[in-house]
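A.B. asks: Pasting a predicted model and its sequence here:
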Amino acid sequence: MRILNEMLGGIEAGGTKFVCGVGTGPDDLKTATFRTTVPEETIPEVVAFFQKQGAIKALGIGSFGPVDLREESKSFGFITSTPKRGWGNYDLKGSIERALKVPVQFDTDVNAAIRGEVRWGGAVGLTDAVYMTIGTGVGGGAIAHGRIVHGLVHPEMGHLRLPHDRERDPFPGICPYHGDCLEGLACGPALQARWGKPATELGEGHEAWALEAHYLGLALVNILLTLSPQRIILGGGVMQNQFLFPIIRAEVVRMLAGYVRDPEILERVDEFIVPPRLGNDVGVLGALALAEEALEKAA
Ligand code: ADP
Ligand code: ZN
């Protein structure tokens, strides 16, 4: 059952900024952005925004992580082990719930984003789809059989281990845990560390992009072979470079090497690997979709 036309709240909680939104969906969404400093500063600003907007019926939070998603756990709804000062072991869900007194549904940022695309964006009607963000970090969320994949903890597709040819790319990677995992090799800060200038300043002709598309292609092939999604959506700052899409698509098709033969991939790859249709609102609209779930659960 869908609960329609209720005013809902959504929070895309990121390591750099909190994007807050109120509305019933994309058509009447009203957003505001607050810097992520320390919880004692950021959370009151967020709470004040929602109080000013008037009554909302429920709220969704898509959060940076790692987070605890086990409902039976004492730290359910907490951000757990982030190095970000003040946010480690922080009860994000609880602090918002206590302040606003509405049902809150909590998940990772990318799990929220894929819900947003399924609810209002480029994955409407699909039962199996993946959203990946390539930004300050790399992360992925999946819908399988129409349900979000949580598993034991939650998927950490950003830390996939990839073949790393150190002759082609001697860069050791920047993941504090793994060095040269996907995030360590391909996130925005990795691009900056490898090439000596911000990813935003590497022009389209730079050799960085062939390598970037190669790593992203490898990751997508692994995800595709594991989950068999009907569509893969790529967002985040690095993917603002639209020219990356055709190179990534070509890498995926090349590395599949004719083994997976579905025409959705071989003939319509332009519609198979796509940017989010919800654009920059994908995260906050995903959180709004989580708020709908909170309402349905409460009903
Ligand atoms: P966050 O991951 O913090 O939510 P973003 O998704 O915007 O934020 O990712 C920020 C990262 O993306 C930075 O490392 C930045 O250099 C990179 N980035 C942002 N815009 C672009 C762009 N147009 N081209 C390449 N890299 C970009
Ligand atoms: Zn890693």
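C.D. replies: Yes, it's here. Ligands and ions are numbered 1, 2, ... in the order given.

A.B. asks: how would you label the residue of the chain positioned farthest from its centre: helix, strand or coil?
C.D. replies: Ranked by distance from the centre of the chain (C-alpha atoms, centre = their mean), the top residue is Glu167, with 31.5 Å. Secondary structure for Glu167, judged by DSSP: H, G, I helix; E, B strand; the rest coil, is coil.

A.B. asks: Ok, the one 5 residues further on next?
C.D. replies: Under three-state DSSP, Pro172 falls in the coil class.

A.B. asks: neighbours of it, just the number please.
C.D. replies: Summarising burial for Pro172: neighbours were counted as other C-beta atoms under 10 Å, giving 14. In this view, the C-beta of every residue, glycine as well, is placed from N, C-alpha and C.

A.B. asks: Just the strands from the chain, written as ranges.
C.D. replies: Assigned by DSSP state E, the strands in the chain fall at 8-13, 17-23, 30-35, 58-63, 78-79, 90-91, 104-108, 129-134, 138-144, 147-148, 231-235, 273-274.

A.B. asks: For ligand 1, find the nearest of these.
C.D. replies: strand 129-134 (6.0 Å; C-beta to the nearest ligand atom).

A.B. asks: Which strands border that closest one, and is each parallel or antiparallel?
C.D. replies: Sheet pairing of strand 129-134 (DSSP bridges) gives strand 138-144 (antiparallel), strand 231-235 (parallel).

A.B. asks: any idea of the mean pLDDT in that strand?
C.D. replies: Strand 129-134 carries an average pLDDT of 98.

A.B. asks: for stretch 106-124, same thing?
C.D. replies: For stretch 106-124, the mean pLDDT works out to 98.

A.B. asks: how many neighbours does Ala142 have?
C.D. replies: The number of residues near Ala142, taken as other C-beta under 10 Å, comes to 25.

A.B. asks: Just give the nearest non-adjacent residue to it, would you?
C.D. replies: Excluding the flanking residues, the one nearest Ala142 by C-beta to C-beta, 6 or more residues apart in numbering is Val149, at 4.4 Å.

A.B. asks: any idea how far the one you found lies from ligand 1?
C.D. replies: 21 Å (C-beta to the nearest ligand atom, to the nearest Å).

A.B. asks: do Ser75 as well
C.D. replies: 23 Å.

A.B. asks: Okay then, goodbye and thanks.
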